[in-house]
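S.K.: when you get a sec, could you give me coordinates for this:
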Amino acid sequence: MKRLCLIALIALTACKEEVAVAPDPVDLTPDALSFFCQMNIAEHGGPKGQIHLEGYPAPLFFAQVRDMVAYLKSPERDAPITGVYVSDMGVAPTWQQPGISNWIAADGATFVVGANVAGGMGAREVVPFADPAAAETFIGQYGGNLLPLADIPDTEVLGPVDLDLKLETPS
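M.R.: Model (predicted):
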């Protein structure tokens, strides 16, 4: 009987799932480069994103949240994702200076989608907020709709960039 209990205990231990703990966000440094274009992020306004990959010591930074969401929707990745963070634009000093440490978990953020604003690389931006009330205030000024990360449509981040749009750069 003891032997049977020991075998059952070993079997249960072997089946135990390990829960991955998301790494903490990394402060944005002046020399951080955007993943897709390898341009210096500090030279571009608007909200930023960072994605942590399993086995990689540093996150992938994105000059535009739109680009980060496109990466998330892409099936081609180098490793499993362990953490995703975005700039909280509700507490950002300005659009041009979105902050270096005001990161929030992307899956808990509220996103303004379809606003008439240009992100750091000039495309229409997907704007993250921790506080839905701050997002509503932003919508009152620039338009758009509130959506969680999982509901952002592919067409907002994977479609072509309309260069004829007259997008605003918030102050």
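
S.K.: just the C-alphas of the lengthiest strand in the chain, formatted as CSV.
M.R.: In the chain, with assignment by DSSP state E, the single longest strand is strand 81-87. The C-alpha trace of strand 81-87 is given here as CSV (Å, rounded to 0.1, in the frame of the first residue of the first chain):
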residue,chain,number,x,y,z
ILE,A,81,5.7,35.3,-24.9
THR,A,82,6.1,35.8,-21.1
GLY,A,83,5.0,39.4,-20.6
VAL,A,84,3.5,42.3,-22.6
TYR,A,85,3.5,45.9,-21.4
VAL,A,86,2.3,49.2,-22.8
SER,A,87,2.7,52.9,-21.9
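
S.K.: mind listing the strands for this structure?
M.R.: Ranges of strands within the chain are 49-53, 60-62, 81-87, 103-105, 110-113, 127-129, 145-147, based on DSSP E.

S.K.: tell me who's in contact with residue 129.
M.R.: Counting by Cβ atoms under 8 Å, 6 or more residues apart in numbering, residue 129 makes contact with 88, 89, 90, 109, 110, 111, 112, 135, 138. (Each C-beta comes from the backbone N, C-alpha and C, glycine too.)

S.K.: so which of these comes closest to residue 120?
M.R.: residue 89 (12.2 Å; Cβ to Cβ).

S.K.: pull the number of nearby residues for that closest one.
M.R.: Using other Cβ atoms under 10 Å, residue 89 is surrounded by 30 other residues.

S.K.: for residue 140, same thing?
M.R.: Counted with other Cβ under 10 Å, residue 140 comes out at 9.
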